[in-house]
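[1] here you go, sequence then predicted model.
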Amino acid sequence: MIRNTIALVLLSTMASYAQFRPIQHSDRYHAEVDVVDMTDDEVSVTVVPPVQNENVATFAMPKIIPGTYDISDFGRFIKNFHAYDSYGNELEVEHTDVNRWVIQNAKSLYRITYDAIDTQEEYDKGIFLPGGTAISDSACMMNLFGFVGFMEGQDDMPFELEVKKFPGLNATTALDIMDQQDKRDKFYAQDYFELHDRPILYSTQANASVMVAGAEVMVGTYSPSGALVSEDILDEIMPVFTATRDYLGGTLPTDRYVVLVWGKQLSEFARDGSAGALEHFTSTTLVWPDMRGQEEGIRHVTAHEFFHIITPLNIHSEHIHSYDFMNPQMSKHLWFYEGVTEYNSLIAQVRGGIMSESEFMNEMVGKMNAADNYDEHIPMTLRSEHALDIFADQYGDVYQKGALIGMALDMHLRKETNGEEGLVDLLIKLKDMYGPDTFFVDNNFFDIIVDHTPAGTEEFLYNYIAGTHPLPFEELFDAMGYSYMESVPEYEVRRPDWSTSFISSRSRYYFVSRVDNSDPFTAEFGLQNGDYIKRWNGERVRQGELAEVLNEWAENATIGGEVTIEIERDGEELELSSTVTLEVNEERHILNKDENPTAEELRLLAQWLNL
């Protein structure tokens with residue numbers, strides 16, 4: 001009888017213990033994501049949060065994540081949300097806003113369950129593809145901020161993550177791996193920021209890795225067609241990592257870096273959005289066309305994303321160090337985080353011999369022209385600070401003018417130090433001062449830069465970054481043996497503002513399909529849609545020859561003279577005329593290498609570009 005009683009007590013104790021599997025702790029989370037069945041474009045998630053000390057607690061999904069500069073509201077992708085105590089009793093939950101669930105009797109809270117929907121499937125909700133989640137029958141891109149949330153006020157606690165999977169599904173990630181088995185993987189993150197920052201790609205395809213300057217570089221791919229291969233991509237991007245190592249003085253400021261590539265058919269981009277990448281501190285997620293010959297494009301994007309190991313991983317302000325996933329405060333220095341990163345990704349390739357001098361200059365002139373499309377009267381610090389609201393439409397300029405600021409600052413530093421120091425030397429100083437675990441005060445950043453750079457830098461920062469003065473390219477390029485002009489006028493004979501077509505089965509002549517009579521030269525002709533063009537200024541116009549006829553006429557036309565068109569309209573032949581006028585256009589950003597640079601200019605150029 002006593003023996004039976006003991007057995008019953010043991011069974012009761014074991015059953016009670018089983019209710020607490022996994023064990024709930026006061027100082028960490030346990031999260032489970034089930035990717036065994038992904039056929040419905042969703043995964044089931046269980047979160048065992050830390051023990052709660054208040055009767056009311058709030059579970060949250062991120063409103064925004066670093067690097068996107070856009071509202072994401074990942075709570076939109078959560079359904080079937082429930083909270084339970086350790087005995088399986090459901091607790092009262094109120095869904096107070098799109099990203100928050102308020103849980104009553106939270107001191108009894110043991111387990112939260114819900115389903116997370118693939119953001120790629122919900123393409124109409126506007127999530128940038130590399131900054132979301134993607135699920136297929138045999139792969140899963142786990143940007144974990146789209147699957148796993150946190151208790152408000154406890155995002156600084158560690159996460160133990162368990163992923164249930166089917167055999168043959170392999171994980172590629174920068175997360176610390178605690179255990180890997182055929183049907184279950186376990187990972188560790190020191191807090192929610194690290195969990196969000198280290199995505200996992202699950203795929204049946206093999207990954208590839210190599211060691212560079214003490215850092216493991218790994219590539220994982222999902223390619224339905226098999227066109228994207230991890231080994232091929234790694235071979236293509238390897239020079240970026242070696243060039244970055246040399247640019248930074250022989251070391252890489254990380255022990256691992258992971259590139260995760262998700263392949264999509266071209267037809268899917270028309271529906272879902274553009275290809276691209278999202279940086280993480282030690283990872284890059286890319287959504288890319290699933291076709292052969294894409295390795296070079298992936299290299300260019302990876303070069304930019306990888307340089308985020310400097311900014312902001314090792315050099316960042318309080319706004320990133322203590323990131324608020326619900327109501328972030330924007331930094332004034334996106335020109336530094338994104339613009340300088342973009343510049344570094346290019347200059348490191350030049351200095352490493354991957355990109356030629358002329359290719360680099362063409363890239364930078366392209367950025368000058370692209371920057372012309374943004375408002376030059378808004379300081380970069382101001383548009384950075386308001387990138388989420390009033391200046392959201394100006395955000396793209398951080399990759400254009402922001403990169404140009406990086407180049408101009410680099411040239412300024414080279415010029416003022418007689419070529420001995422450049423932007424990279426400043427970055428190394430700041431990296432050594434701060435690193436991943438320390439931050440600078442956002443409002444003091446200019447003062448910090450001034451303290452570590454030569455005279456004249458303070459004026460540069462306040463004129464060209466906090467101010468709206470045009471960057472001093474003429475002066476800077478002149479010191480490097482180049483001539484730069486912001487613009488020069490171009491004079492051309494004005495041509496008709498029209499659209500024409502030629503359909504050989506319908507007639508032997510071009511016909512006018514559109515005419516813009518707001519243009520005085522065009523309006524004077526009196527052209528109409530449907531007019532057939534037979535002769536231009538007496539010259540017969542045959543199929544495929546209209547542009548050639550117009551070009552030959554423009555070379556010899558006399559300003560103020562007359563030009564005629566012979567047309568056919570409704571079966572009647574007419575001769576129309578207009579007065580030849582001059583059109584003045586502007587060619588922007590002309591950059592040429594001097595034919596006879598001085599020895600000093602060549603020396604500065606060589607020190608800048610490592611020629």
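    Received, thanks.
[2] what about dumping the CA coordinates of the helix or strand encompassing Val43 to PDB?
    For Val43, the host element (DSSP states H and E) is strand 42-48. Written as PDB, here are the backbone C-alpha positions of strand 42-48 (Å, rounded to 0.1, in the frame of the first residue of the first chain):
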ATOM      1  CA  GLU A  42       2.900  30.400 -41.800                       C
ATOM      2  CA  VAL A  43       4.700  28.900 -38.800                       C
ATOM      3  CA  SER A  44       3.500  28.200 -35.200                       C
ATOM      4  CA  VAL A  45       5.400  30.000 -32.400                       C
ATOM      5  CA  THR A  46       5.600  29.400 -28.700                       C
ATOM      6  CA  VAL A  47       7.200  31.800 -26.300                       C
ATOM      7  CA  VAL A  48       7.900  31.100 -22.600                       C
END
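[3] helix or strand next in line after it, which one?
    strand 57-60.
[4] ok, residues contacting that following strand?
    Residues from elsewhere that reach strand 57-60, judged by C-beta atoms under 8 Å, 6 or more residues apart in numbering: 47, 49, 75, 83, 96, 99-103, 106, 109, 112, 149-152, 325-326. For every residue, glycine as well, the C-beta is placed using N, CA and C.
[5] now, those that are in helices?
    Applying DSSP state H to the contacts of strand 57-60, no entry is found in helices.
[6] rewinding a little: show me what the strand holding Val43 is packed against.
    strand 29-34, strand 111-117 (3 or more C-beta pairs under 8 Å, 6 or more residues apart in numbering; DSSP states H and E).
[7] can you add distance to Phe145, mean neighbour count and mean pLDDT and give those back as CSV?
    As requested, the helices and strands packed on strand 42-48 are exported to CSV (distance: least, C-beta to C-beta, whole Å; neighbours: other C-beta atoms under 10 Å; pLDDT from 0 to 100):
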stretch, distance to Phe145, mean neighbour count, mean pLDDT
strand 29-34, 12, 22, 97
strand 111-117, 10, 20, 96
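[8] Gly220: which of those is closest?
    strand 29-34 (17.0 Å; C-beta to C-beta).
[9] with just CA atoms, put the closest one into CSV.
    Provided in CSV are the C-alpha atoms of strand 29-34 (Å, rounded to 0.1, in the frame of the first residue of the first chain):
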residue,chain,number,x,y,z
TYR,A,29,13.1,33.5,-22.7
HIS,A,30,12.5,30.2,-24.3
ALA,A,31,11.0,30.4,-27.8
GLU,A,32,10.1,27.7,-30.2
VAL,A,33,9.4,28.0,-33.9
ASP,A,34,7.9,25.1,-35.8
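[10] low-scoring stretches of the stretch 51-200 of the chain, by residue?
    Flagging of the stretch 51-200 of the chain using pLDDT under 70 yields the residue ranges 123.
[11] give me the phi and psi angles of Glu385.
    For Glu385, the backbone dihedrals (degrees, to the nearest 10) come out as phi -60, psi -30.
[12] contacting residues around the nearest residue to it once chain neighbours are set aside?
    Sequence neighbours aside, Lys332 is the residue nearest to Glu385 in space, at 4.9 Å (criterion: C-beta to C-beta, 6 or more residues apart in numbering). Shown in contact with Lys332 (C-beta under 8 Å, 6+ apart): 381-382, 384-385, 442-443, 445.
[13] from those residues, which land in helices?
    381-382, 384-385, 445.
[14] how about those, which pair is most distant?
    Most distant of the ones in helices among the contacts of Lys332, by C-beta to C-beta, are Leu382 and Phe445, 14.5 Å apart.
[15] and these two? which has more neighbours close in?
    Phe445 (19 against 15; other C-beta atoms under 10 Å).
[16] what about the closest residue to the more buried one other than its chain neighbours, how many residues nearby?
    Distances taken as C-beta to C-beta, 6+ apart put His333 closest to Phe445, at 5.7 Å, once the chain neighbours are dropped. His333 has 27 neighbours, counted by other C-beta under 10 Å.
[17] what sits against His333?
    Here His333 is in contact with 317, 381, 384, 442, 445 (C-beta under 8 Å, 6+ apart).
[18] give me that answer again for 7 Å
    317, 384, 442, 445 (C-beta atoms under 7 Å, 6 or more residues apart in numbering).
[19] for Gly571, same thing?
    No contacts exist for Gly571 under C-beta under 7 Å, 6+ apart.
[20] how far away is it from Ile565?
    17 Å (C-beta to C-beta, to the nearest Å).
[21] pLDDT weak spots in the protein?
    1-20, 39, 123, 270-274, 504-507.
[22] helices of the stretch 401-550 of the chain, start to end?
    When secondary structure is read from DSSP state H, counting those that start in this stretch, the stretch 401-550 of the chain shows helices at 401-416, 423-433, 445-451, 457-464, 473-479, 520-525, 546-556.
[23] please identify the most buried of these.
    Highest mean neighbour count of the helices of the stretch 401-550 of the chain: helix 401-416, a mean of 24 (counted as mean count of other C-beta atoms under 10 Å).
[24] quick revisit: okay, the helices and strands packed on strand 42-48 in a markdown table with distance to Thr579 next?
    Shown next, in a markdown table, are the helices and strands packed on strand 42-48 (distance: least, C-beta to C-beta, whole Å):
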| stretch | distance to Thr579 |
| --- | --- |
| strand 29-34 | 73 |
| strand 111-117 | 64 |
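[25] burial check on Asn592, number of neighbours?
    11.
[26] just the strands in the stretch 151-300 of the chain please.
    159-164, 170-173, 176-180, 184-189, 200-203, 208-212, 215-222, 256-264, 276-279, 283-289 (DSSP state E, counting those that start in this stretch).
[27] list the helices and strands the first one packs on?
    So the one you mean is strand 159-164. strand 29-34, strand 184-189, helix 192-197 (3 or more C-beta pairs under 7 Å, 6 or more residues apart in numbering; DSSP states H and E).
[28] quick one: the last one to chain centroid distance?
    Distance of helix 192-197 from its chain centroid, counting by C-alpha atoms, centre = their mean, to the nearest Å, is 18 Å.
[29] output that helix in PDB with nothing but the alpha carbons.
    Taking C-alpha atoms only, helix 192-197 is exported to PDB below (Å, rounded to 0.1, in the frame of the first residue of the first chain):
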ATOM      1  CA  TYR A 192      16.300  40.700 -28.300                       C
ATOM      2  CA  PHE A 193      18.500  43.000 -30.300                       C
ATOM      3  CA  GLU A 194      20.900  40.100 -31.000                       C
ATOM      4  CA  LEU A 195      18.000  37.800 -31.800                       C
ATOM      5  CA  HIS A 196      16.500  40.300 -34.300                       C
ATOM      6  CA  ASP A 197      20.000  41.000 -35.700                       C
END
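[30] which outside residues touch stretch 354-371?
    Residues contacting stretch 354-371 (C-beta under 7 Å, 6+ apart): 239, 243, 346, 349-350, 397, 400-401, 403-404, 407, 588-589, 591, 609, 611.
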